[in-house]
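S.K.: sequence first, predicted model second:
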Amino acid sequence: AQSVSQHNHHVILSEAASLELGCNYSYGGTVNLFWYVQYPGQHLQLLLKYFSGDPLVKGIKGFEAEFIKSKFSFNLRKPSVQWSDTAEYFCAVNFAGKSTFGDGTTLTVKP
Amino acid sequence: GAGVSQSPSNKVTEKGKDVELRCDPISGHTALYWYRQSLGQGLEFLIYFQGNSAPDKSGLPSDRFSAERTGGSVSTLTIQRTQQEDSAVYLCASSTRQGVGDTQYFGPGTRLTVL
């Protein structure tokens, strides 16, 4: 069975700091990869996704993620975080329609 | 159009009672998913529907859990003889199709508390 591991449970940063959230998955076949975000009091929503092609994908609000197949990783990055990025971030892997989510990383950005 | 809606938004029930949770997907979305999110944990896949069929029920935690979908639209998740460990937020999501990893659109969830 596929699994998703997010290395950091809680990350605290100051505004303008750079962000990298780790995500590793276990399945070795062809998968689709996602990062979802849940802002306080809001629904889960898609941040970005990777299906094929350029392994560096760009999402909303200046986020990007790089798919490294050899490392089974799909880390999320942002060069300079803002207070409004405070949220919970989930990495997800989809294989044949079934999605497996990581446990999530709570990001707190201090103003 | 409207997003995914779920009802009720909150449900408090006594141990041993049955509960029914409802999900209205985005119109035209053929795939529908149910997840459970327990406090401090990630999303736990429960079941998905393609149309009215549920090809994969492997995520349902026990035979007390069941789900159905009628008319390719509304879905209900039923939990019989609820237990305290069933307390969680139950999320529903829909997507245009299943199997190719289309973006899932999530509803606000139903917070279930079993006393």
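M.R.: Yep, that arrived.
S.K.: name the SS class of the residue nearest the centre of chain A, please.
M.R.: For chain A, A:Trp35 is the residue whose C-alpha lies nearest the centre (Cα atoms, centre = their mean; 3.8 Å). Using DSSP: H, G, I helix; E, B strand; the rest coil, the structure places A:Trp35 in strand.
S.K.: try B:Glu85
M.R.: B:Glu85 is classified as helix under three-state DSSP.
S.K.: wait, what's in contact with it?
M.R.: When contacts are counted by Cβ atoms under 8 Å, 6 or more residues apart in numbering or on different chains, B:Glu85 touches B:Val114. The C-beta positions use only the backbone N, C-alpha and C, and glycine is treated the same way.
S.K.: quick one: pLDDT of it?
M.R.: For B:Glu85, the pLDDT comes out at 94.
S.K.: ignoring the adjacent residues along the chain, who's closest to the residue nearest to the centre of chain A?
M.R.: In space, and not counting its chain neighbours, A:Trp35 is closest to A:Leu47: 4.3 Å by Cβ to Cβ, 6 or more residues apart in numbering or on different chains.
S.K.: what's the neighbour count on that neighbour?
M.R.: For A:Leu47, the count of nearby residues is 22 (other Cβ atoms under 10 Å in any protein chain shown).
S.K.: the bottom helix or strand of chain A by mean pLDDT?
M.R.: Counting by mean pLDDT, DSSP states H and E, chain A has its least confident helix or strand at strand A:98-101, which shows a mean of 84.
S.K.: partners of the helix or strand that it is followed by in the sheet?
M.R.: Counting by DSSP states H and E, the element after strand A:98-101 in chain order, helix or strand, is strand A:105-110. Strand pairing for strand A:105-110, using DSSP bridges, gives strand A:10-14 (parallel), strand A:87-95 (antiparallel).
S.K.: let me see the mean pLDDT of the shortest one.
M.R.: So the one you mean is strand A:10-14. On average, strand A:10-14 scores 96.
S.K.: repeat that for the last one.
M.R.: Confidence over strand A:87-95, taken as the mean pLDDT, stands at 91.
S.K.: buried stuff in stretch A:44-55?
M.R.: For stretch A:44-55, burial by neighbour count (16 or more other Cβ atoms under 10 Å in any protein chain shown) applies to A:44-50.
S.K.: related to what we said a few turns ago, can you name the residues in contact with the helix or strand hosting the residue nearest to A:Trp35?
M.R.: For A:Leu47, the host element (DSSP H and E) is strand A:44-50. Residues outside strand A:44-50 that contact it (Cβ under 8 Å, 6+ apart): A:32-39, A:57-61, A:63-65, A:67, A:74, A:76, A:89-90, B:91, B:93, B:101, B:103-106.
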